[in-house]
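K.L.:
I'd like to go over a predicted model; first the sequence, then the structure.
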Amino acid sequence: MPSPPRPPDAASGTDHPPAPEAAACRAPSGPTSSGRAVAAAVAVPQARDAREAGAAGEPQGPPTGDPLHRAFALLYRGLPSAHARMLRLLVLAPEGVADRRTASALAGCPAGSAEHILRVLAEQQLLEEEPAAPDGTVRYRLPSRLHALLARLLAEAERPAETELARARLLERLVRLVDSCRALLAPEPDRPAPEPLPGALRLHSAAHARDWLGREQPVLCAAARDAVAAADLDGPADRLVGALVRTLPAAGAVDPAVLYELHGLVLAVARRGGSPGREAAALVNLGTLLAAAGDHRRALERCHAALEPARAAGDEAAVARVLEAVAGAHRALGDAVRSADWYARALAARRVRGEPREEARLTARLAEALAGQRRFEEAAREYRASLALLRRLGDDAARVAVGLEAARALLRAGEPEQALLTHREALAVARLSADPALESRALLALAETLERTGDPEGARLHRAQAARVPGLE
C-alpha cells in the first residue's frame, strides 16, 4: 500500500506540539503511590464494575487469579490521561526503550513534558530506569511482563490512524537524529546542513553524536527492522535505513552483520516498492559484504541476482557495476575463464559510457584473468592498453602497478627484453612521482626480473638501491 504523507516531526521548528497532545502532556503528574504499594493491595476487591472500567477505556476483566493484572489495573486507573497514553504508546518504542527524544515523538509533546512523565512512571514502578548517558539523558524500559496488557489497551484506546501517526513521528524523529549525527561526524560543505533539532533534542558535537550512535544503535536497528516488517510506513522506514547505512560507518567500525541486515532491509523495501535500481544496488552491497566475509559462492549468487533488476532500471552504470561484481566473485572463486568473460562484458559497458578511468582499471583486471589462464601474450596486450589509458590520465601510481604486472606477463610470455624495458619504464615513472615506497617497489620488482633473466649482480645492485631510497621509512 502507498506510504501515508510524511508527517511533520513533532520537534520541527519549535518544541511545541499540536493542541490536543500539548494539553494532555500538561496534565497533572497524578498519584505518587508506588507499584509496590499497589501490589501489596492486590487482595483488596476491585470497587469498580466491569461496565464502568470499559467505559473509561481501562483493562477489562483481568483474570481474577492473576495478581499482576489486578495490581496493574488498580494503578493504571489512577493515572492521568497523559501518563496513561504515554504508557500505552511505549508499546511502539523499539525494544520497549525510550527517552525524552523518542517518547516526545511518540506522544507528540515537548521533550520536557515527556521526560517528566517517564520519570513519574518509573517512580510508580511501571518503567525500569536505566543508567543515564554522558549527556544526562535517562533511558527507560517497558517491562516485558506489561507489554501484552498495554498492547491490548493501545488497540482499545487509540484509533489505528493515531497509532500509525505516532509510529511515523518516531521514525521521522530518528531519521533527523541520525542525519544530524552524520552532519557532525562527516560534514559535507557542498550539501545543505539538516534543519537543527530543538535544544532539548539536539546533539552538540561529533563526540556527542558518536556516543549517541554507539548507545542507540541496537534501538535504531530494531526500529528500522520493525518498520520494514510492518510494511505500512515504507517511506520513513526507507529513510531511516538509508540514514543508518550512510551514518554508522562515519562513527567508526561497524559490525558487518549489522550492515548486512540493513542492506537486506533496503532490498525488502525496494522490492516491495518496485524500485529495480535500488534492488540491484542492495544485492550488490550484500554480495560485497559476503565476499568480504569469504563466502564467495553466496556473493556470486547475490551479484547474479542483481543483473536483471539493474537492466530493468535502465541504468547502464549500475549494469556495469553488477557485471564487474560478478566477475570479481568468479575471480575470488578461482575461475579465471568466467572471470575474464565477465570482466570483458563490464569493460565493454564502461567503454560505451566513455569512462576511461574505469576502462583502464577493468582492462588490467581482464589482463590478470587472462594471465590466470596462462594466456600471457593476450594478457600483456591488455596491460599495455591499460597503461596507455593511465598515461593519458596521468595516474602515476596506477601506471607503476600495471607496468610491473605487464612486465611479469611479458617475462612469462617469453619476452625477457620487453619485460626488462617495461620494468625500467615503471621505475622511471615511480622516480618522477617522488613516492619513495613506489620507487622501492619498482626497484625490487626489477631486481627479481634481472635475477630470472640471469643477471644476479644487477639484481643485487637494484636491491641495494631499493634499501637506500631517500625518504623510505
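P.N.:
That came in fine, so what should we check first?

K.L.:
every contact and neighbour count from this point should use C-alpha atoms.
P.N.:
OK.

K.L.:
local confidence estimate at the residue nearest the centre of the chain?
P.N.:
Closest to where the C-alpha atoms of the chain average out (CA atoms, centre = their mean) is V245, at 2.1 Å. Here, the pLDDT recorded for V245 equals 95.

K.L.:
let me see the contact set for it.
P.N.:
Neighbour list for V245: 259, 262-263 [criterion: CA atoms under 8 Å, 6 or more residues apart in numbering].

K.L.:
for V269, same thing?
P.N.:
Listed by CA under 8 Å, 6+ apart, the contact set of V269 reads 228, 234, 238.

K.L.:
got a list of what the first one touches?
P.N.:
In other words, V228. Contact partners of V228, counting by CA under 8 Å, 6+ apart, are 234, 237-238, 265, 268-269.

K.L.:
and for D179, the neighbour number?
P.N.:
Other residues near D179 come to 22 when the count uses other CA atoms under 10 Å.

K.L.:
which outside residues touch stretch 322-340?
P.N.:
280, 284, 288, 291, 296-297, 299-300, 303-304, 306-307, 310, 341-343, 345-346, 366, 369-370, 372-373.

K.L.:
and stretch 181-188, by the same measure?
P.N.:
In contact with stretch 181-188 (CA under 8 Å, 6+ apart) are residues 193-194, 203, 205-206, 209-210, 213, 246-247, 250-251.

K.L.:
6 Å - rerun?
P.N.:
206, 209, 247 (CA atoms under 6 Å, 6 or more residues apart in numbering).

K.L.:
tell me the one among those residues nearest to R361.
P.N.:
Set against R361, the nearest of the contacts of stretch 181-188 by CA to CA is T247 (28.9 Å).

K.L.:
straight-line length of stretch 87-94, end to end?
P.N.:
End-to-end distance for stretch 87-94, by CA to CA, to the nearest Å: 14 Å.

K.L.:
likewise stretch 194-205?
P.N.:
Start-to-end, stretch 194-205 (CA to CA) is 14 Å.

K.L.:
which parts of that stretch are buried?
P.N.:
Of all the residues in stretch 194-205, those buried under the rule 16 or more other CA atoms under 10 Å are 197-198, 201-203.

K.L.:
list just the nearest of those to L170.
P.N.:
Proximity of those to L170 was ranked by CA to CA; the top entry is L201 with 13.0 Å.

K.L.:
might you report the residue contacts of the closest one?
P.N.:
Shown in contact with L201 (CA under 6 Å, 6+ apart): R101.

K.L.:
measure it to T137 for me?
P.N.:
With CA to CA as the criterion, L201 and T137 are 10 Å apart.

K.L.:
mind giving me the domain split of this protein?
P.N.:
19-170, 373-473 (automatic domain parsing).

K.L.:
circling back to that earlier point, the contacts of stretch 322-340 in helices, which ones?
P.N.:
Using DSSP state H, the subset of the contacts of stretch 322-340 located in helices is 280, 284, 288, 291, 296-297, 299-300, 303-304, 306-307, 310, 341-343, 345-346, 366, 369-370, 372.

K.L.:
list only those of those residues flagged as buried.
P.N.:
Of those, these count as buried by 16+ other CA under 10 Å: 280, 284, 288, 291, 296, 299-300, 303-304, 306-307, 310, 341-343, 345-346, 366, 369-370, 372.

K.L.:
ok, residues contacting stretch 439-454?
P.N.:
Under CA under 6 Å, 6+ apart, the answer for stretch 439-454 is 423, 427, 430-431, 459, 462-463, 466.

K.L.:
just the closest of these to S386, please.
P.N.:
Checking these against S386 with CA to CA, the nearest one is H423 at 15.3 Å.

K.L.:
backbone phi and psi for H83, please?
P.N.:
Phi and psi for H83, reported as degrees, to the nearest 10, are phi -70, psi -40.

K.L.:
with adjacent residues omitted, what lies nearest to it?
P.N.:
I117 (6.0 Å; CA to CA, 6 or more residues apart in numbering).

K.L.:
and V219, by the same measure?
P.N.:
Closest residue in space to V219, ignoring its immediate chain neighbours: P94 at 5.8 Å, by CA to CA, 6+ apart.

K.L.:
count of residues packed around that neighbour?
P.N.:
So P94, with other CA under 10 Å, has 21 neighbours.

K.L.:
quick one: it from L149, how far?
P.N.:
Distance of P94 to L149, computed by CA to CA: 17 Å.

K.L.:
so what's Y343 up against?
P.N.:
The neighbours of Y343, taking CA under 6 Å, 6+ apart as the test, are 324, 327, 366.

K.L.:
ok, H296 - contacts?
P.N.:
A329 are the contacts of H296 under CA under 6 Å, 6+ apart.

K.L.:
what's the answer for R375, then?
P.N.:
With CA under 6 Å, 6+ apart, R375 has no contacts at all.

K.L.:
just the closest of the contacts of stretch 181-188 to L165, please.
P.N.:
Closest to L165, out of all of these and judged by CA to CA, is T247, at 25.5 Å.

K.L.:
and the gap between the closest one and A371?
P.N.:
Going from T247 to A371 by CA to CA gives 40 Å.

K.L.:
give me phi/psi at A98?
P.N.:
Per degrees, to the nearest 10, the backbone of A98 is at phi -150, psi 160.

K.L.:
no, scratch that, I was asking about E129
P.N.:
According to degrees, to the nearest 10, E129 has phi -80, psi 130.

K.L.:
repeat that for the one 10 residues further on.
P.N.:
The phi/psi pair for R139 (degrees, to the nearest 10) reads phi -100, psi 150.

K.L.:
nearest spatial neighbour of it, chain-adjacent residues omitted?
P.N.:
For R139, the closest residue by CA to CA, 6+ apart turns out to be D99, at 4.6 Å.

K.L.:
coming back round to it: between the contacts of stretch 181-188, which is nearest R145?
P.N.:
Checking the contacts of stretch 181-188 against R145 by CA to CA gives A209 as the nearest, at 32.7 Å.
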